[in-house]
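Trainee: can't give you the sequence, but here's the structure:
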């Protein structure tokens, strides 16, 4: 890898210079607290988000009751009985959780995402190559809501816009938390929620978040979120990399081998360098083996 490029300060930066320096030291493997400047942005008010939500396709929204056990099964997650617009406009009192997915499909939100990630792109490129598949998600949660124990496939920075929460993040690649077969299932389209055990909590690091705070979440680092006493709005800016794509390919390859009772392979901390195994997997997938 090349040496880090200088991180220039700009008056309009989403991430202040100090946050970019901190991010550069932690990326890609360590969770770390950051700061941002998007608090009060007009696109991130509840009214603006309700309007956005009502014009989004049903496949791009998810919402339900928010006071859930940490280890709730996907099929046991209860509906709140409201429309999405009603959920957002009454989020203070309806005890719900909602996520707007891929808001970058709207040009205004795409510009917001692109501006934020452009500040980090040189840092990311030095460590894991170009940013791929840039996406943005917006989370709205009622007071006291819980996002259950789960993992996500992207590099992620969560920016707190309104209200408070605590995100507890656990080490990535710990098979006590995420067994290998769960990773294989996940990369084959399985659900993001993980099985929770009370003994896990001591392994996590809590990151308390107020408006203006942000946190970097490594790829597939398990986490759960506990909302504070007020409505919370958070923006998640995400991307993939050759590293995250390679990890997914190698877990999928292991799943293919496991189904055929063949020995599975080890996935290193730098899976993008396991080129031979990735090539074999791509050939087998193309041949339909």
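Mentor: Sure thing, it's come through. Because the structure is a prediction, the values reported are computed rather than measured.
Trainee: make it CA atoms for all contacts and neighbour counts henceforth
Mentor: Fine.
Trainee: doesn't residue 280 fall inside a helix?
Mentor: Yes: assigned with DSSP: H, G, I helix; E, B strand; the rest coil, residue 280 falls within a helix.
Trainee: quick check, residue 126 in a helix?
Mentor: Yes: counting by three-state DSSP, residue 126 is found in a helix.
Trainee: Look up how far residue 50 lies from it.
Mentor: Separation of residue 126 from residue 50 (CA to CA, to the nearest Å): 38 Å.
Trainee: These two - which one has more neighbours?
Mentor: Neighbour count, other CA atoms under 10 Å: between residue 126 and residue 50, residue 50 has more, with 18 against 15.
Trainee: Now the more buried one: which helix or strand?
Mentor: helix 46-54 (DSSP states H and E).
Trainee: Next, the distance between the ends of stretch 145-154.
Mentor: 23 Å.
Trainee: mean confidence for it?
Mentor: Across stretch 145-154, the average pLDDT comes to 89.
Trainee: Correct me if wrong: residue 205 contacts residue 168.
Mentor: Yes: between residue 205 and residue 168 there is a contact under CA atoms under 8 Å: 5.3 Å.
Trainee: Phi, psi for residue 35 please.
Mentor: According to degrees, to the nearest 10, the main-chain angles of residue 35 amount to phi -130, psi 160.
Trainee: Can you give me every residue that contacts the residue nearest to it when sequence neighbours are not counted?
Mentor: Spatial nearest neighbour of residue 35, chain neighbours left out: residue 213 (4.5 Å); criterion: CA to CA, 6 or more residues apart in numbering. Residue 213 is in contact with 33, 34, 35, 36, 159, 160, counting by CA atoms under 8 Å, 6 or more residues apart in numbering.
Trainee: How many residues are close by residue 62?
Mentor: Residue 62 is flanked by 13 other residues according to other CA under 10 Å.
Trainee: Which helix or strand contains it?
Mentor: strand 61-65.
Trainee: any idea which helix or strand comes after that strand?
Mentor: helix 84-89.
Trainee: now that next one, how far from the centre of its chain.
Mentor: How far helix 84-89 lies from its chain's middle: 23 Å, per CA atoms, centre = their mean, to the nearest Å.
Trainee: tell me what that helix is packed against?
Mentor: helix 46-54, strand 96-100 (3 or more CA pairs under 8 Å, 6 or more residues apart in numbering; DSSP states H and E).
Trainee: for the ones you listed, which one ends up most surrounded?
Mentor: Of all those, strand 96-100 carries the top mean neighbour count, a mean of 25, counting by mean count of other CA atoms under 10 Å.
Trainee: average pLDDT across it?
Mentor: Strand 96-100 shows a mean pLDDT of 82.
Trainee: so how far is the first residue of stretch 95-112 from its last?
Mentor: 29 Å.
Trainee: Might you list the low-confidence residue ranges for this structure?
Mentor: Low-confidence segments of the chain (pLDDT under 70): 1-11, 63-82, 94.
Trainee: so where do the helices sit in it?
Mentor: Assigned by DSSP state H, the chain shows helices spanning 17-26, 46-54, 84-89, 107-128, 180-187, 242-259, 275-287.
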